[in-house]
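Asker: Below is the structure, and that's it, no one-letter string:
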């Protein structure tokens with residue numbers, strides 16, 4: 001009424017002094033002021049008031065911490081509020097006797113709230129007896145419960161002034177603050193341990209600041225209060241209550257997950273909440289697992305999947321220890337199927353992945369699309385997880401339903417070069433890259449394709465490694481290296497015993513593939529070097545014929561020295577000499593002929609060294625070399641010729657004729673039958689024609705020899721070609737005997 005009518009300046013000052021006196025405990029001054037008729041005992045005045053604050057501070061994976069501070073505020077109070085706050089019992093009584101309103105509410109609450117907050121039980125009792133209202137008592141009860149004042153809370157409860165919902169609120173909020181004593185008091189006082197109320201819950205990880213309908217158990221879990229959780233469970237708290245606190249939204253049709261923010265996802269039970277709102281020691285989860293199965297399922301996914309989704313490796317470990325099925329297959333209504341390992345790989349949660357692997361999960365289990373965890377890591381570019389699966393022995397030979405392998409998927413990965421480096425490092429550190437089907441994936445072919453010679457050498461150190469293993473296309477590692485033009489790798493493989501005779505499914509050899517990419521010459525050079533180094537040991541490869549085709553005299557000589565059969569045939573029906581003739585390699589022909597190559601051999605097609613030399617467009621000199629060799633061999637050996645006597649006048653008869661290296665032509669023992677030749681030529685002389693009266697003087701096999709004394713002797717071979725060789729051979733021997741290099745062939 002005084003506020004309505006207005007109070008004079010002196011009256012306001014007196015009432016303000018009453019507030020200050022009540023706060024300071026000046027009982028005499030209070031009595032004096034109360035004796036003044038103008039004082040207003042319900043006057044609200046502004047003073048500086050130091051108030052006790054009990055606040056809860058959040059930590060990431062540790063319990064919320066309760067801190068008590070005293071903060072000074074400039075606030076409106078009444079004399080009764082000030083006295084109750086300060087705990088001055090006698091002053092409280094006097095002000096109440098003077099007519100103060102015990103239920104007057106200020107910004108900082110009721111007088112009974114102030115007494116409870118500051119811990120003045122006697123004042124609390126006085127105010128209750130003075131007729132504190134239900135709202136005032138309920139507020140005081142909440143204050144007592146939230147500040148952990150068990151005795152005061154017990155006293156307030158005994159007055160039975162608080163409604164059930166208020167007590168439930170107090171229970172839930174006290175649970176969130178870890179006040180076990182208060183929780184125990186409220187439950188013993190009859191508060192339903194499983195009752196729900198809407199309260200504000202806060203968390204740093206995951207980030208949460210929202211009002212939620214929940215139970216005391218959920219509040220304690222969110223705030224990581226393990227002692228409270230333990231007590232509540234012992235008191236009969238149910239773990240199956242559903243709350244909307246999750247941050248991951250789950251589509252039960254497609255199996256897709258989306259981070260929507262804490263409190264926005266589908267409702268789940270307390271144990272799921274304990275996984276997401278993780279307490280570092282894991283005590284809360286262990287306590288809950290004593291009452292809930294580790295294999296509990298919600299919307300098709302298991303609790304272990306939820307731990308994976310939250311990236312919580314510690315929770316996953318506890319669940320697995322409690323018997324969670326590491327191979328639990330999540331099945332959606334759309335037919336999607338995957339396991340915890342696939343989820344961890346897809347999300348790239350390495351610690352969780354390691355936990356699942358340590359439990360012995362199937363590394364090569366497939367999703368409904370046929371993808372393995374290794375494939376999912378490749379697609380999502382989670383290289384740390386990819387590397388972990390690699391060294392653990394994940395299978396590189398698996399093929400998904402789209403027909404792709406891990407390596408195929410890596411090709412489309414933005415970080416594929418880093419992935420390859422991880423593979424190289426693993427091999428170099430001595431680890432094996434596992435493949436259940438070497439036709440699908442063989443590490444040698446893979447390394448050959450990428451041209452890493454250092455890694456290839458490391459692979460070949462393993463015993464039992466088949467360097468000639470072929471993949472599903474029939475490609476060996478050497479073929480791949482040749483095809484890609486990686487000559488250093490090709491050399492490593494060749495020196496390790498790679499076959500040059502192997503063919504892929506198209507019938508191509510390594511050298512053919514090298515030819516396609518323009519590296520044939522380099523491959524052949526490496527092959528020749530390996531032969532010289534005695535590193536090439538392939539029995540089925542005709543090394544002599546290969547060297548002949550290349551015209552490499554050094555390799556030819558080396559092979560012949562090693563005992564290669566000089567007249568052996570290759571699969572095409574050619575000898576080394578035939579190939580040299582065909583290719584026009586003059587020096588190689590000379591070498592082979594000098595080492596005893598048979599120039600008269602013919603293959604089933606009728607090809608001889610001479611016929612091939614005549615067809616060669618590479619070098620016409622090879623034909624001359626061969627003819628010289630054949631001619632010399634013919635004349636130096638004994639041959640049967642028809643000899644004409646008396647310059648054609650006598651009767652022709654057969655003789656065994658032989659040329660000596662000294663230039664002597666011999667067909668008998670007498671001196672007249674051993675003549676020193678000057679030259680030989682085709683056809684007959686004029687005298688011979690005259691004496692024969694031109695009969696049989698133009699026979700193709702006819703030739704004559706002129707001695708150094710001018711004597712002419714006519715011989716006749718069976719065919720013209722033999723006559724030609726005799727003439728060439730005689731002239732060659734004569735030239736060598738006389739120290740000249742001329743060749744007369746007429």
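Answerer: Yes, it's here. Given the structure is predicted, the values throughout are model-derived calculations rather than measurements. Numbers count the residues shown, from 1 in each chain.

Asker: what does the helix ranked longest in the chain contact?
Answerer: When the chain is scanned for its longest helix (criterion: DSSP state H), the result is helix 720-737. The contact list for helix 720-737 (Cβ atoms under 8 Å, 6 or more residues apart in numbering) reads 627-628, 630-636, 639, 641, 659-663, 665, 677-682, 700-703, 705, 715-717, 741-746. C-betas here are computed from N, CA, C, even on glycine.

Asker: Next, the buried residues of that helix.
Answerer: 722-735, 737 (16 or more other Cβ atoms under 10 Å).

Asker: And stretch 120-140, by the same measure?
Answerer: If you call a residue buried by 16+ other Cβ under 10 Å, then stretch 120-140 has these buried ones: 120, 123-124, 126-128, 130, 132, 136-140.

Asker: can I get the residues you listed in TSV with pLDDT?
Answerer: Formatted as TSV, the entries for those read as follows, by pLDDT from 0 to 100:
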residue	pLDDT
120	95
123	96
124	95
126	96
127	96
128	95
130	94
132	94
136	95
137	96
138	96
139	96
140	96
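
Asker: Quickly list what the nearest residue to residue 636 once chain neighbours are set aside is bridged to.
Answerer: Distances taken as Cβ to Cβ, 6 or more residues apart in numbering place residue 659 nearest to residue 636, at 5.8 Å, with adjacent residues excluded. Note on residue 659: beta-bridge partners residue 665, judged by DSSP bridges.

Asker: Enumerate every residue touching residue 659.
Answerer: Applying Cβ under 8 Å, 6+ apart, one finds that residue 659 lies in contact with 635-636, 665-666, 677, 729-730, 733.

Asker: related to what we said a few turns ago, nearest to residue 152, out of the buried residues of stretch 120-140: which one, please.
Answerer: Proximity of the buried residues of stretch 120-140 to residue 152 was ranked by Cβ to Cβ; the top entry is residue 124 with 6.2 Å.

Asker: in a strand, that's where the closest one is, yeah?
Answerer: No - inclusion of residue 124 in a strand is not indicated when DSSP: H, G, I helix; E, B strand; the rest coil is applied; the result is helix.

Asker: what about the closest residue to it other than its chain neighbours, neighbour count?
Answerer: Of all residues not flanking residue 124 in the chain, residue 115 sits nearest, at 4.8 Å (Cβ to Cβ, 6+ apart). The burial metric for residue 115, expressed as a neighbour count using other Cβ atoms under 10 Å, is 32.

Asker: Is residue 115 in a helix, a strand, or coil?
Answerer: Of the three states, residue 115 takes helix according to three-state DSSP.

Asker: any idea how far residue 81 is from it?
Answerer: In this structure, residue 115 and residue 81 are 9 Å apart, going by Cβ to Cβ, to the nearest Å.

Asker: again, but for residue 303
Answerer: In this structure, residue 303 lies at 51 Å from residue 81, with Cβ to Cβ as the measure.

Asker: cool, residue 269 as well?
Answerer: The gap separating residue 269 from residue 81 is 45 Å, by Cβ to Cβ.

Asker: So residue 261: helix, strand or coil?
Answerer: Look at residue 261: counting by three-state DSSP, its state is coil.

Asker: thinking again about what came up before, please say which of residue 269 and residue 81 ends up with more neighbours.
Answerer: Between residue 269 and residue 81, residue 81 has the larger neighbour count (other Cβ under 10 Å), namely 29 against 19.

Asker: which non-adjacent residue is nearest the more buried one?
Answerer: Once flanking residues are discounted, residue 81 sits nearest to residue 111: 4.8 Å by Cβ to Cβ, 6+ apart.

Asker: can you count the residues close to residue 382?
Answerer: 23.

Asker: Over to residue 105?
Answerer: Using other Cβ under 10 Å, residue 105 is surrounded by 15 other residues.

Asker: Repeat that for residue 252.
Answerer: Using other Cβ under 10 Å, residue 252 has 17 neighbouring residues.

Asker: From what I see, it and residue 300 are in contact.
Answerer: Yes - because the distance of 5.3 Å satisfies Cβ atoms under 8 Å, residue 252 is recorded as touching residue 300.

Asker: Mutual contacts of these two, please.
Answerer: Here residue 252 and residue 300 share the contacting residues 332-333, scored by Cβ under 8 Å, 6+ apart.

Asker: Next, count neighbours for residue 381.
Answerer: By other Cβ under 10 Å, neighbour count at residue 381 equals 17.

Asker: what residues are up against it?
Answerer: By Cβ under 8 Å, 6+ apart, the residues touching residue 381 are 413-415.

Asker: From residue 195, how far off is it?
Answerer: Taking Cβ to Cβ as the measure, residue 381 and residue 195 are separated by 49 Å.

Asker: And residue 555, by the same measure?
Answerer: Applying Cβ to Cβ, the value for residue 555 to residue 195 is 95 Å.

Asker: Equivalent analysis for residue 245, please.
Answerer: Residue 245 sits 18 Å away from residue 195, going by Cβ to Cβ.

Asker: more crowded one of those two?
Answerer: The neighbour count for residue 245 versus residue 195, taken as other Cβ under 10 Å, is higher for residue 245 (26 against 15).

Asker: just for the protein, where's the confidence low?
Answerer: Low-confidence regions of the chain, defined by pLDDT under 70, span residues 1-9, 254-255, 617-619, 694, 697, 740-746.

Asker: can I see the domain layout of it?
Answerer: With domains defined by automatic domain parsing, the chain comprises 2-181, 542-621, 637-737.

Asker: JSON lines for the ones you listed, including distance to residue 507?
Answerer: JSON lines is the format used below for the domains of the chain (distance: least, Cβ to Cβ, whole Å):
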{"stretch": "domain 2-181", "distance to residue 507": "65"}
{"stretch": "domain 542-621", "distance to residue 507": "13"}
{"stretch": "domain 637-737", "distance to residue 507": "40"}
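
Asker: Determine which of those domains approaches residue 331 most closely.
Answerer: With respect to residue 331, and counting by Cβ to Cβ, the nearest of the domains of the chain is domain 2-181 at 32.2 Å.

Asker: Is it correct that residue 629 is in contact with residue 591?
Answerer: No - the pair formed by residue 629 and residue 591 falls short of the contact definition of Cβ under 8 Å, at 11.6 Å.

Asker: any idea how far the most centrally placed residue in the chain lies from residue 402?
Answerer: For the chain, residue 386 is the residue whose C-alpha lies nearest the centre (Cα atoms, centre = their mean; 3.5 Å). In this structure, residue 386 and residue 402 are separated by 19 Å, where distance is defined by Cβ to Cβ.

Asker: Mind checking which of the contacts of residue 381 are buried?
Answerer: The neighbour count (16+ other Cβ under 10 Å) marks residue 413 as buried among the contacts of residue 381.

Asker: Looking at the contacts of residue 381, which is nearest residue 476?
Answerer: Closest approach to residue 476 among the contacts of residue 381 (Cβ to Cβ): residue 413, at 26.8 Å.

Asker: Not including adjacent chain positions, what is the nearest residue to that closest one?
Answerer: If you skip the residues right next to it in sequence, residue 413 has residue 381 as its closest partner in space, 5.3 Å away by Cβ to Cβ, 6+ apart.

Asker: Show me the strands in the stretch 551-700 of the chain, by range?
Answerer: With DSSP state E, counting those that start in this stretch as the criterion, the stretch 551-700 of the chain has strands at 639-644, 653-659, 664-666, 674-682.

Asker: For these, give me CSV that also has distance to residue 71.
Answerer: As requested, the strands of the stretch 551-700 of the chain are exported to CSV (distance: least, Cβ to Cβ, whole Å):
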stretch, distance to residue 71
strand 639-644, 132
strand 653-659, 131
strand 664-666, 136
strand 674-682, 133
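
Asker: Just read off the phi/psi values of residue 214.
Answerer: Note on residue 214: backbone dihedrals following degrees, to the nearest 10 are phi -150, psi 170.
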